[in-house]
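Engineer: Got a sequence here, can you build the structure:
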Amino acid sequence: MIGACHASAAPAANRDREGGATAPRPVDWLGLAAAPTFALMAVATQTLGGGPMDAMCTAGQGFALGGMAPMYALMSAFHLAPWLKLASRRRSA
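Structural biologist: Prediction:
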């Protein structure tokens, strides 16, 4: 039965009806863009400084990586799943 549940579920891999791989959809590219974007934001924030809010968040703390840079690095790590799925698909092919 093809219902609303089936139509909204994202496929594990982009496959056509015969089982062959299809081109990535725009949503797939968006998922791949998140991890490198957050990584660049972490590097830029740590290198260039985060501005007045970052200075306020790290005031009085002895931790050198305080503020937004560690948060961006953590978000980059959390968004690695699409890259890991892509790597596992290529390795199995």
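Engineer: Could you list the buried residues of the helix or strand harbouring residue 91?
Structural biologist: Under the criterion of DSSP states H and E, residue 91 resides in helix 81-92. Neighbour counts over helix 81-92 (16 or more other C-beta atoms under 10 Å) mark residue 82 as buried. Placement of C-beta: from N, CA and C, glycine included.
Engineer: list the helices and strands it packs on?
Structural biologist: Counting contacts by 3 or more C-beta pairs under 8 Å, 6 or more residues apart in numbering; DSSP states H and E, helix 81-92 is packed against helix 26-48.
Engineer: Using CSV, write down the CA coordinates of the helix it packs on.
Structural biologist: Taking Å, rounded to 0.1, in the frame of the first residue of the first chain, the C-alpha atoms of helix 26-48 are listed here in CSV:
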residue,chain,number,x,y,z
PRO,A,26,18.9,19.1,-4.2
VAL,A,27,18.0,18.0,-0.6
ASP,A,28,20.9,15.6,-0.6
TRP,A,29,23.3,18.3,-1.6
LEU,A,30,21.9,20.5,1.2
GLY,A,31,22.6,17.7,3.7
LEU,A,32,26.2,17.4,2.4
ALA,A,33,26.7,21.2,2.7
ALA,A,34,26.0,21.4,6.4
ALA,A,35,29.1,19.8,7.9
PRO,A,36,31.7,21.7,5.8
THR,A,37,29.8,25.0,6.4
PHE,A,38,29.9,24.6,10.1
ALA,A,39,33.5,23.5,10.0
LEU,A,40,34.4,26.7,8.1
MET,A,41,32.4,28.8,10.6
ALA,A,42,34.3,27.2,13.5
VAL,A,43,37.7,28.0,11.9
ALA,A,44,36.6,31.5,10.9
THR,A,45,35.2,32.2,14.4
GLN,A,46,38.3,30.9,16.1
THR,A,47,40.7,32.7,13.7
LEU,A,48,38.9,36.0,13.3
